[in-house]
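**Q** What shape does this take:
(chains A and B)
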Amino acid sequence: SQQGEEDPQALSIQEGENATMNCSYKTSINNLQWYRQNSGRGLVHLILIRSNEREKHSGRLRVTLDTSKKSSSLLITASRAADTASYFCATGTGGGNKLTFGTGTQLKVEL
Amino acid sequence: DTAVSQTPKYLVTQMGNDKSIKCEQNLGHDTMYWYKQDSKKFLKIMFSYNNKELIINETVPNRFSPKSPDKAHLNLHINSLELGDSAVYFCASSQTSVETQYFGPGTRLTVL
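**A** The predicted model follows:
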C-alpha cells in the first residue's frame, strides 16, 4: 500500500493567503521531502527534512515533521498564482535512496 | 542545459507492440530511476540503477526491462504493451548520499 496520504486532496485559495498541506506516512523514515509538479511537467524538489529535525524553512516554505505522529506539513506563505501546482510528499527510507510518494495535494491560487 | 531529459515526450502505440523510452542526465549523478505516474497522479518507483547496477526493482512485470549503458543513461524497454501500461513515465537521477532527486519532464505513454 502507498506510504503517504496527503490532505487535502485539493485546495483553492486567494493570492496572498497561506496554504497548508499535510502528509501522513506509515513506517519509519530517514527523511521526508516535498516536491512540486506543475501541470504536464516533471517534479521539482522543494525541501528535505531529516527524521531528527522538527522544522525547516526555505524562503516562503515551512516544513514540520512529527515522527511520533508520522506526519508532516508544508506551509506556503503569501501564496502567488505561480504556486498553482500539485504538491507531493515523499518519504526516504534508505536502501538505494528509494522514495515513496504520497497522493498529492492539488493547490490552486487564484488572483 | 537540460539536466534530465527524456525521449519521446509523447508515445502513442497499439497493444502488443514493443517500445522504448530513453533517459539521459548531464548532472554527473551516479543513480537513476524510473517512476510510473498513473491517471490519478499516483507516483510509484519502478527501478533504480546505481553505477549501471540494478539496486531497486519493485514488483514490475518482466515485460519492463531497464537498461543502463552508462551512468548518464537509463532506458526503459517495454514488451507486449497492454492498456494498463498507459501512464506518464518519469526518469530521475540523484547522487549517492544526497537524497534529492531530479526529475525529467516525463513521457506520456498511451496504449490503444
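**Q** Counting neighbours, what do you get for whatever residue of chain B ends up closest to chain A?
**A** Relative to chain A, the nearest point of chain B is residue B:103 (3.7 Å; CB to the nearest CB). The C-beta positions use only the backbone N, C-alpha and C, and glycine is treated the same way. Residues lying near residue B:103 (other CB atoms under 10 Å in any protein chain shown) number 22.
**Q** Pull the contacting residues for it.
**A** Listed by CB atoms under 8 Å, 6 or more residues apart in numbering or on different chains, the contact partners of residue B:103 are A:35, A:42, A:43, A:44, B:4, B:35, B:90, B:91, B:92.
**Q** what do you get if the cut-off is 6 Å, keeping everything else the same?
**A** A:42, A:43, B:90, B:92 (CB atoms under 6 Å, 6 or more residues apart in numbering or on different chains).
**Q** least trustworthy position among these, going by pLDDT?
**A** Within the contacts of residue B:103, the minimum per-residue pLDDT falls on residue A:42 (92).
**Q** hey, where'd the strands end up in chain A?
**A** A:5-7, A:10-14, A:19-24, A:31-37, A:43-50, A:55-58, A:61-66, A:71-76, A:85-92, A:99-101, A:105-110 (DSSP state E).
**Q** hang on, I meant chain B
**A** B:4-7, B:10-13, B:19-25, B:31-37, B:43-50, B:53-57, B:64-70, B:73-78, B:87-94, B:102-103, B:107-111.
**Q** Which of those sits closest to residue A:29?
**A** Smallest distance to residue A:29 across the strands of chain B (CB to CB): 15.0 Å, for strand B:43-50.
**Q** packing partners for that closest one?
**A** strand B:31-37, strand B:53-57 (3 or more CB pairs under 6 Å, 6 or more residues apart in numbering or on different chains; DSSP states H and E).
**Q** Quick check: residues of chain B near chain A?
**A** Within chain B, the positions near chain A by CB under 6 Å from any CB of the partner chain are B:41, B:43, B:48, B:55-56, B:90, B:94, B:99-100, B:103-106.
**Q** Just the buried ones among those residues, please.
**A** Neighbour counting with 16 or more other CB atoms under 10 Å in any protein chain shown marks B:43, B:48, B:56, B:90, B:94, B:99, B:100, B:103, B:104, B:105, B:106 as buried within these.
**Q** That concludes my questions; thank you for your assistance.
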